[in-house]
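> After the sequence you'll find the predicted model.
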Amino acid sequence: QVQLVESGGGLVQPGGSLRLSCVASGFSLDDYAIGWFRQAPGKEREGVSCISSSDGSTYYADSVKGRFTISSDNAKNRVHLQMNSLKPEDTAVYYCHVVVAEDGHYKHYWGQGTQVTVSS
């Protein structure tokens, strides 16, 4: 059974840093790309970053390039999102996400989310 559990959110001042973690189970990060999305109040959920361990490729939304870094620890089946130089507009619930092939179909899985609040 696929499960994603996020942690690491919190309240931080503008310019500060946070490190989010997502522990994955029920599949291997060796086989699937995994990513982070976020959703701010009143806004649609948007993709932030993702990583593919098979070839090491990464993706970042323009809004976070140069400030966020995604990494994976495949031995522990975890993915991390290091967020630096945080801005108030980064305030959102951050979700871990993976698409897994099951029974001939692709299924989307989401974690429960972790709140990030950037405010002075």
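Received it, and whenever you're ready, just let me know what you need.

> where's the residue positioned nearest the centre of the chain relative to Ser71, distance?
Centroid-nearest residue in the chain, with Cα atoms, centre = their mean: Trp36, separated by 2.5 Å. Separation of Trp36 from Ser71 (Cβ to Cβ, to the nearest Å): 11 Å. In this view, the C-beta of every residue, glycine as well, is placed from N, C-alpha and C.

> check contacts around the closest residue to Gly47 other than its chain neighbours.
In this structure, Gly47 finds its nearest non-sequential neighbour in Phe37, 5.5 Å apart by Cβ to Cβ, 6 or more residues apart in numbering. Shown in contact with Phe37 (Cβ atoms under 8 Å, 6 or more residues apart in numbering): Arg45, Glu46, Gly47, Val48, Tyr94, Tyr95, His97, Trp110.

> Just give me the neighbour total for the first one.
Meaning Arg45. Neighbour count for Arg45, taken as other Cβ atoms under 10 Å: 15.
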